[in-house]
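Novice: give me the fold of what follows.
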Amino acid sequence: MKDYILMIGKKAKTASLGLAQSSVITRNNMIKQIIKGLQSEKETIINENKKDLEVGESNGLSTALLDRLEINDKRLEGMIGGLNTIINFEDPIHESLKSWRHANGMQITQLSVPLGVIGMIYESRPNVTVDVAGLSIKSGNCVILRGGSEAIHTNKALTQVIRQAIVSEGMNPDCVQLVEHTDRALVKDLITMNDYLDVLIPRGGRGLKKAIIAGASVPVIETGEGLCHTYIDEHADTDKALEIIMNAKTQRTGVCNAMETLLVHNSMLKKILPKLNELLTEKSFEIRACEVCLPFMSDGILAVDEDWETEYLSSILSIKSVNSIEEAISHINTYGSGHSEAIVTEHYQLAERFLNEVDASAVYVNASTRFTDGEVFGFGGEVGISTQKLHARGPMGIKALTTHKYIVRGNGQIRS
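Specialist: Next up is the predicted model:
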């Protein structure tokens, strides 16, 4: 099996040389051909996805995970919309970022270039296959895709469309490869393939990230875990707060930008929690509340410390009372994953303090955390939402898939 992964790595490295030098017209045409393939093979893709959904149901996947796994007409159209956005972006590589002349006459230019070969390890969501392929091709990067076993039929169908599109433009199909064997032992070989991989991007929950970081020798960009909070300040508008809470938690529970913990200023408990209890009971949500909040939640259970550090990705919400914005910010910076955090308030100074002091890749005032998304931010999709600080942070679009090198032109200069 190790030979299988090494062969994929070698093919990707070879293909990367041609892709990095290709014109933006060629790269855009490949993406246009992917769009045509998704349209013409829609029925096949959806049928293959049904196989994964059937296996997932029989294996007891949660409703939230099945939702993440599903491909339907609307989601295919969403993928196509993202690819069209990517096509319209300017070429992110071969761009002169800045240039200057040294005192000795040398001309120094900082040039944008692709990262090279990206290893993408992700779970459940097959739309990632298309998003990452489109962003990688446009930015001149080859990508090795290792999706979860639960989406293998869908990912195979999508990758076949992508590779056929690449070939139709006379390029090496190994620009995009899928690890088709689902044996988890292969991941260990992939994440230590330093000779062929330039960067790893794991996209999934805490368990996946910890395993990759612990075992990888290839540089890793951490993405995916979303332990997101919404803080209802004492100056919040009640109706606005309830609408934001319900959207952040219930619109889609199995996604990384969904709220997991609600913090409520103690002066707002009677205004917010009784109505919230009604709304969440209607949707059959499980509530885990602190001692102060528990009396307001008819079927709630007492939260334990573990709840404050859990990304549920399901119909569970933890609720905690706080006495001040200082306490709210401290709780978020202690337990948050650095993904997305929100405050609901009509107090300008407190809103600005929250924006400045909360340590996360996206911080909101009076809006749902559900907006943290590459497509929503105008990036045409994303390879992931980085929760770290080096190289990239937040939704990672095309610019985050480039690095730079210095081009130095001289005329015989030597250093004394």
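
Novice: can you mark which positions in the worst-scoring helix or strand of the chain on mean pLDDT are buried?
Specialist: Every helix and strand of the chain was ranked by mean pLDDT, DSSP states H and E. The lowest is helix 206-215, at a mean of 83. Going by neighbour count (16 or more other Cβ atoms under 10 Å), the buried part of helix 206-215 is Leu208, Lys209, Ala211, Ile212. The way it works is simple: take the backbone N, C-alpha and C, and place the C-beta from them, glycine included.

Novice: ok, the third one - contacts?
Specialist: So the one you mean is Ala211. By Cβ atoms under 8 Å, 6 or more residues apart in numbering, Ala211 lies in contact with Val187.

Novice: go on, the second one?
Specialist: Residues touching Lys209, when contacts are defined by Cβ under 8 Å, 6+ apart, comprise Pro202, Glu222, Thr223, Gly224, Glu225.

Novice: correct me, but the second one touches Gln388?
Specialist: Looking back up the chat, that one is Glu222. Yes. Assessed by Cβ atoms under 8 Å, Glu222 is found in contact with Gln388 at 4.6 Å.

Novice: which residues does Val143 bridge with?
Specialist: Assessed by DSSP bridges, Val143 has beta-bridge partners Ile118, Val176.

Novice: ok so, going back, who has more neighbours, Glu222 and Gln388?
Specialist: Neighbours were counted for Glu222 and for Gln388 using other Cβ atoms under 10 Å; Glu222 has more, 22 against 13.

Novice: before we move on, back to that, so which of the contacts of Lys209 are in strands?
Specialist: In strands, defined here by DSSP state E, the members of the contacts of Lys209 are Pro202.

Novice: biggest separation within the contacts of Lys209, which pair?
Specialist: Using Cβ to Cβ, the contacts of Lys209 span at most 9.8 Å, a distance reached by Pro202 and Glu225.

Novice: so which of the two has more stuff around it?
Specialist: Pro202 (27 against 24).

Novice: OK, contacts around the more buried one?
Specialist: Contacts here follow Cβ under 8 Å, 6+ apart; on that basis Pro202 touches Ile121, Tyr122, Leu208, Lys209, Ile212, Ile213, Val220, Glu222, Thr223, Gly224, Gly384.

Novice: show me which pair in these is furthest apart.
Specialist: Within the contacts of Pro202, Tyr122 and Ile213 form the most distant pair, 15.1 Å apart (Cβ to Cβ).

Novice: buried residues in stretch 130-142?
Specialist: 130-142.

Novice: what's the following helix or strand after the least confident helix or strand of the chain?
Specialist: strand 228-232 (DSSP states H and E).

Novice: so how far is that next one from its chain's centroid?
Specialist: 20 Å (Cα atoms, centre = their mean, to the nearest Å).

Novice: name the strands paired with it and say parallel or antiparallel.
Specialist: For strand 228-232, pairing defined by DSSP bridges yields strand 259-265 (parallel), strand 340-344 (parallel).

Novice: now the helices for the protein?
Specialist: 2-21, 24-40, 42-58, 63-69, 73-87, 127-138, 152-168, 185-190, 206-215, 238-250, 269-282, 325-335, 348-357 (DSSP state H).

Novice: hang on, the earlier thing: go through the buried residues of stretch 130-142 and say which is closest to Phe296.
Specialist: Out of the buried residues of stretch 130-142, the member with the shortest distance to Phe296 (by Cβ to Cβ) is Asp131, at 40.5 Å.

Novice: could you report the neighbour count for the closest residue to the closest one other than its chain neighbours?
Specialist: Leaving aside its chain neighbours, Asp131 sits nearest to Gly381 (3.4 Å; criterion: Cβ to Cβ, 6 or more residues apart in numbering). Using other Cβ under 10 Å, Gly381 is surrounded by 26 other residues.

Novice: list the contacts for Gly381?
Specialist: With contact taken as Cβ under 8 Å, 6+ apart, Gly381 is in contact with 79, 82-83, 85-86, 130-132, 134-135, 374-375, 397.

Novice: same check, this time on Thr159
Specialist: Thr129, Ala133, Leu145, Val176, Gln177, Leu178.

Novice: Thr403 is nearest to which of the helices of the chain?
Specialist: Evaluated with Cβ to Cβ, the helices of the chain place helix 2-21 nearest to Thr403, the distance being 11.6 Å.

Novice: let me know the angle separating that closest one from helix 152-168.
Specialist: Helix 2-21 and helix 152-168 are oriented at 40 degrees to each other (axes from the mean of the first three to the mean of the last three Cα atoms, to 10 degrees).

Novice: tell me which residues in helix 2-21 are buried?
Specialist: In helix 2-21, counting by 16+ other Cβ under 10 Å, buried: Ile5, Ile8, Gly9, Lys11, Ala12, Lys13, Ala15, Ser16, Gly18, Leu19, Ala20.

Novice: how about Lys13: what's its closest non-neighbour residue?
Specialist: Leaving aside its chain neighbours, Lys13 sits nearest to Tyr196 (4.8 Å; criterion: Cβ to Cβ, 6+ apart).

Novice: separation between that neighbour and Glu357?
Specialist: Separation of Tyr196 from Glu357 (Cβ to Cβ, to the nearest Å) stands at 42 Å.

Novice: do Glu282 as well
Specialist: Distance of Glu282 to Glu357, computed by Cβ to Cβ: 35 Å.

Novice: neighbour-wise, which of those two wins?
Specialist: Glu357 (15 against 9).

Novice: just checking, the more buried one touches Ile329?
Specialist: Yes. Counting by Cβ under 8 Å, Glu357 touches Ile329, with 5.1 Å between them.

Novice: the residue lying closest to Leu294 once chain neighbours are set aside: neighbour count?
Specialist: Closest residue to Leu294 apart from its sequence neighbours, by Cβ to Cβ, 6+ apart: Gly300 at 5.3 Å. By other Cβ under 10 Å, the residues close to Gly300 number 23.

Novice: could you do Asn194 as well?
Specialist: 12.

Novice: same question for the one 3 residues further on.
Specialist: A total of 24 residues lie near Leu197 under the criterion other Cβ under 10 Å.

Novice: contacts only, for it.
Specialist: Applying Cβ under 8 Å, 6+ apart, the residues near Leu197 are Gly9, Ala12, Val117, Ile118, Gly119, Ile144, Leu190, Val218.
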